[in-house]
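[1] I would like to see how this sequence folds:
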Amino acid sequence: MTDNELKELVAGLAVSNAENAEGLAKISALFKETDEQMKRTDEQMKRTDEQMKRTDEKLERIGIRIGNIADNNGMNAEEYFFNSLEAKPFLGGIKYDDVKRNVYSFKQKLEDEYDIVMYNGNCLALIECKYKAHENDLRKLVDKKVGNFKELFPYYKDYKIYLGLASFSFYPELEEMAKEKGVAVLKQKGDVMEIVAENLKAY
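    Next up is the predicted model:
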């Protein structure tokens with residue numbers, strides 16, 4: 001190899017090294033820029049997570065407040081109708097000797113609680129109390145709670161069982177549905193309780 005060829009080879013290597021160094025510098029700069037971008041993204045995600053956490057906490061507090069309000073409203077309705085029925089223990093023309101509230105029982109895997117239960121020698125009435133009644137409350141009373149009562153309290157298996165849905169708020173379709181199912185409707189009218197029980201049915 002001649003001196004000129006050697007010089008050309010060295011010069012070529014120098015140029016190649018310079019190009020490689022420039023390429024590496026560019027790659028290094030890109031990595032640095034990517035790292036900074038990822039760092040900014042991480043910070044933004046952290047801020048988003050903190051904001052979501054604050055939002056979740058706020059929603060949880062609101063949920064607790066709404067739940068407490070609903071519980072309080074339900075207790076107010078139950079208190080009102082229990083006091084009214086205790087003072088005048090009649091349902092559909094039938095007089096009852098005893099009125100109890102929050103009657104609870106469990107048996108193996110079955111448990112249930114009844115807002116108000118009225119008793120006499122051969123009849124009893126199960127009254128479900130709601131602040132604002134809905135169709136599913138009526139269905140649950142008819143399709144589930146009366147059957148549960150018979151299983152949980154076999155002593156009353158030969159009793160006639162009447163049902164009532166008590167609420168501060170009814171819509172006409174629900175009242176009509178209760179009437180069709182033979183369930184008494186108990187509602188507030190002014191300062192007194194009104195009972196609609198023309199079609200009362202024994203279950």
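[2] could you pull out the strands for the chain?
    90-91, 94-95, 98-107, 110-119, 123-132, 160-169, 184-189, 192-196 (DSSP state E).
[3] in contact with residue 179: list those residues for me.
    185, 196, 198-199 (CB atoms under 8 Å, 6 or more residues apart in numbering). Any C-beta I mention is one placed from the backbone N, CA and C, and that applies to glycine too.
[4] write the ChimeraX selection for whichever of those residues are buried.
    To isolate the buried subset of those in ChimeraX, counting by 16 or more other CB atoms under 10 Å, use the following:
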select :185,196
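[5] now the contacts of residue 179 as TSV including pLDDT?
    Listed next are the contacts of residue 179 as TSV, based on pLDDT from 0 to 100:
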residue	pLDDT
185	97
196	93
198	87
199	88
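[6] still on that earlier bit, for residue 46, which of the strands of the chain is the nearest?
    strand 123-132 (43.0 Å; CB to CB).
[7] adjacent strands (with direction) for the closest one?
    strand 110-119 (antiparallel), strand 160-169 (parallel) (DSSP bridges).
[8] so where's the protein uncertain?
    Low-confidence regions of the chain, defined here as pLDDT under 70, cover residues 1-31, 35, 42, 48-49, 53-75.
[9] what pairs with residue 113 across the strands?
    In beta-bridge terms (that is, DSSP bridges), residue 113 pairs with residue 104.
[10] so what's it up against?
    Applying CB under 8 Å, 6+ apart, the residues contacting residue 113 are 102-104.
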